[in-house]
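*Asks:* Following is a predicted model, sequence given first.
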Amino acid sequence: MNQRNEQDWMTIRKSRTTGILNQAIKEDLTGFTVTKRIDKKITTDKGKTFTEFVSCSYLGLENHPALIEAAKQAMSKTGIHLSSSRGAMRPQYLQQLEELLSEIYRGNSVVVFTSTSNVHLGVPWIRIVSAISKKGGQLL
């Protein structure tokens, strides 16, 4: 096993950056755990409070009271997460959301991902499948 595989992701990340990342970690500006959030104000596990500027939530809808209530209702029916491949089974609300978004986007196909990390894992495969199908090929 090479040295890279023996290191955790944060060690690898630090080794690839300038000293600024180490300084940011030392000053608790990155790599911390969030214990509380009210709008853009977050509190870390060390009790520090910051204004968050790095969210991928461009519209800020994850704090909307109607969405929070809808999420609670959905979780009471299906739990927090189905620990299975989406191809094997998926919660009903994802299909409903995709259908509604498809209507909004004039009938275009929509795939909903549950996190930015999942998008990063899924989009390359969607592009590969799309390219293969456009050339008349099949993915087995």
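*Replies:* That came in fine, so what should we check first?
*Asks:* So, low pLDDT: which residues of this protein?
*Replies:* Applying pLDDT under 70 to the chain flags the ranges 1-6, 86, 125-140.
*Asks:* Now the residue nearest the centre of it: phi and psi?
*Replies:* The centroid of the chain falls nearest to S115 when counting by Cα atoms, centre = their mean (1.9 Å). Main-chain torsions, S115, degrees, to the nearest 10: phi -160, psi 160.
*Asks:* Please shift the residue numbers so they start at 643 in all later answers.
*Replies:* In the new count, where the first residue is 643, that last one comes out as S757.
*Asks:* if I look at it, how far off is K656?
*Replies:* As for S757, its distance to K656 is 24 Å (criterion: Cβ to Cβ, to the nearest Å). All C-beta atoms are positioned from the backbone trio N, CA, C, and that covers glycine.
*Asks:* ditto for I667
*Replies:* 8 Å.
*Asks:* Could you do D687 as well?
*Replies:* Per Cβ to Cβ, D687 is found 20 Å from K656.
*Asks:* of these two, who's got more company?
*Replies:* Using other Cβ atoms under 10 Å, the more surrounded residue of D687 and K656 is K656, with 15 against 11.
*Asks:* How about the contacts made by the more buried one?
*Replies:* 663-664, 667 (Cβ atoms under 8 Å, 6 or more residues apart in numbering).
*Asks:* Which among these count as buried?
*Replies:* L663 (16 or more other Cβ atoms under 10 Å).
*Asks:* Okay, and which of the contacts of K656 map to helices?
*Replies:* Using DSSP state H, 663-664, 667 are the members of the contacts of K656 that sit in helices.
*Asks:* tell me the phi and psi of T686?
*Replies:* In terms of degrees, to the nearest 10, the main-chain angles of T686 are phi -90, psi 170.
*Asks:* How about it, nearest residue that isn't a chain neighbour?
*Replies:* F674 (4.4 Å; Cβ to Cβ, 6 or more residues apart in numbering).
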